[in-house]
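# okay, predicted coordinates and the sequence, questions at the end:
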Amino acid sequence: MLADLSLIIFVATAVQASHSAAKAERAGDAPAGAGVAQAFYSAGPGAPPLSNWITEQALGDEAQVTILSTYRPGGAVEAVKQAQALAREAEAAGREPRVLVEPGDGSARAILAYDNRKQ
């Protein structure tokens, strides 16, 4: 009877381990979500160049730069141009940015966060 119980526990553990491994593999394929933001940059008149702002933050090489450019109806092309300009500035600071362009209020911003994107 003890052997039967041991076998049941072994099988249950093996099944759980295989499900956990499959779930971990699927999670590795998913795009990284934004991490906890450490600093925010708002593009606009009077704002410093993004490359200078990134350097001033001194958050280390692990911090991911995410550029978010939003647009109102009819403004998608301009939002993409703004995102490209900010991406070039991030690259000038030695960062490979993640760039998102989506409907919104027409603003552009950058976020520095530790989100383990490269793992």
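Received it, and whenever you're ready, just let me know what you need.
# the helices in the protein, which residues?
2-29, 50-57, 76-92 (DSSP state H).
# where are the low-confidence patches of this structure?
Low-confidence segments of the chain, defined by pLDDT under 70: 1-12, 14-15, 17-35, 116-119.
# go again with 80.
Where the chain drops to pLDDT under 80, the residues are 1-36, 59-62, 115-119.
# hang on, R95 packs against I67?
No - R95 is beyond contact range of I67, at 9.9 Å (criterion: CB atoms under 8 Å). From N, CA and C alone the C-beta is placed, and that goes for glycine too.
# those two: which has the busier surroundings?
Legend: neighbour count by other CB atoms under 10 Å for R95 and I67, higher for I67 (25 against 21).
# ok, the more buried one - contacts?
Counting by CB atoms under 8 Å, 6 or more residues apart in numbering, I67 touches A83, L86, A87, A90, P97, R98, V99, L100, A108, R109, A110.
# report the two of the residues you listed separated the most.
For the contacts of I67, the maximum inter-member distance is 13.9 Å, found between R98 and A108 (CB to CB).
# which one of those two is surrounded by more residues?
Applying other CB under 10 Å to R98 and A108 shows that A108 carries more neighbours, namely 23 against 19.
# ok, what's across the strand from that one?
Assessed by DSSP bridges, A108 has beta-bridge partners S69.
# from F40, how far off is it?
12 Å (CB to CB, to the nearest Å).
# thinking P49 is in contact with E89, fair?
Yes - P49 is within contact range of E89, at 5.8 Å (criterion: CB under 8 Å).
# of those two, which one has the most company?
Using other CB under 10 Å as the criterion, P49 and E89 rank with E89 on top: 22 against 13.
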